[in-house]
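Chemist: Here's a sequence, model it:
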Amino acid sequence: MDRLTPEQRRKNMRAIKNKGSKIETMLQKELWHRGLRYRKNVSTVYGKPDIAFIGKKVAIFCDSEFFHGYDWNNKRQNIKSNCEFWIQKIEKNMERDKEVTERLTSEGWIVLRFWGNEIKKDLSGCADKIEGVVRTK
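Modeler: You can find the predicted model right below:
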């Protein structure tokens, strides 16, 4: 059972960003300080990557743990309210992520995906991986 009223829940859900999140911004700033120039949320690239190096064909996605199903087999049991909706939504997101990665890879792109906590805990390591790929391509 949800502890919030439908109006409160709606307000909370509408406040969730689909671009410009904290994890995206952290990674973008780190890459910019390293002299790497990129495009954000490129709608012309399939899947609309959070960060894209178009000329190098490198797409980066910053995935939040909840909405993209991190450790899904265990976390799935923890959803207590509106289970049917959330399980269906997250599994659809996971399927879409897989489809986007496969399509971009088949079109010659290198796709890098990072979990939000991975970016928060090891920002430099994530940026190192991206820089290594971008500079060698």
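Chemist: do you know how far K40 is from C62?
Modeler: 11 Å (C-beta to C-beta, to the nearest Å). From N, CA and C alone the C-beta is placed, and that goes for glycine too.
Chemist: residues shared between the contacts of those two?
Modeler: 24, 50-51 (C-beta atoms under 8 Å, 6 or more residues apart in numbering).
Chemist: Which of those residues has the largest number of neighbours?
Modeler: Within the shared contacts of K40 and C62, most neighbours by other C-beta atoms under 10 Å means D50, with 25 neighbours.
Chemist: so where's this protein uncertain?
Modeler: Flagging of the chain using pLDDT under 70 yields the residue ranges 1-2, 9, 13-19.
Chemist: Would you map the helices across it?
Modeler: 6-14, 22-33, 65-68, 72-75, 83-106, 116-121, 123-136 (DSSP state H).
Chemist: Can you tell me which of the ones you listed is nearest to K57?
Modeler: Closest to K57 of those, according to C-beta to C-beta: helix 83-106, at 8.4 Å.
Chemist: Show residues contacting that closest one.
Modeler: 45-47, 59, 61, 63, 66-69, 72, 76, 79, 111, 113.
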